[in-house]
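1. how would this look folded up:
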Amino acid sequence: MINDHSQASRALAKAMNEHTLVICTYILDELQNVFKRKFPNKSACLDVFLSNLAFELCYTPKINPDTPKMRDENDRPILQVAIDADIDEILTGDNDFHALNIERPVIISPADVLTGIN
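-> Residues are numbered from 1 along each chain as shown. Presented below is the predicted three-dimensional model:
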């Protein structure tokens, strides 16, 4: 969002051209909190980015006890949304997702998207 030329930004742009982007309310809340904390003078950039982003919004449900455990429990709501919404892939650089031993959703990295591995 801040650096258009970063690997993550390029991967997101490619993914948006080839897939339907789904974002949950938990991610939107987290984005706003991170921007307030780390980039307080860039909050307007986030607002512009999100207002120009085409995505489907999913509300974040309560965690199902059967949802796989993760090292960072704060990531489980994202996984829960992906499972409930029958999402094909999660695009993330977060190693906690890549450490999961699950068949679906497939966890892909920005590098995977850019090299066409997904």
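
2. how close does the residue located most distally from the centre of the chain sit to residue 35?
-> Distance to the chain centre peaks in the chain at residue 41, reaching 22.8 Å (criterion: CA atoms, centre = their mean). Residue 41 sits 10 Å away from residue 35, taking CB to CB, to the nearest Å as the criterion. All C-beta atoms are positioned from the backbone trio N, CA, C, and that covers glycine.

3. next one: residue 78
-> 18 Å.

4. and if you look at residue 74?
-> Using CB to CB, one gets 17 Å for the distance from residue 74 to residue 35.

5. higher neighbour count, those two?
-> Applying other CB atoms under 10 Å to residue 74 and residue 35 shows that residue 35 carries more neighbours, namely 20 against 10.

6. Spatially nearest residue to the more buried one (excluding sequence neighbours)?
-> Distances taken as CB to CB, 6 or more residues apart in numbering put residue 46 closest to residue 35, at 4.8 Å, once the chain neighbours are dropped.

7. on that earlier part again, can you read off the backbone torsions of the residue farthest from the centre of the chain?
-> phi -90, psi 0 (degrees, to the nearest 10).

8. swap in residue 108?
-> phi -120, psi 150.

9. tally of neighbours for it?
-> 20.

10. list the contacts for it?
-> Residues counted as contacts of residue 108 (CB atoms under 8 Å, 6 or more residues apart in numbering) are 89, 90, 91, 92, 117, 118.

11. Mind naming the longest helix for this structure?
-> Longest helix of the chain, by residue count under DSSP state H: helix 25-38.

12. Please state the offset of that one from the chain centre?
-> 12 Å (CA atoms, centre = their mean, to the nearest Å).
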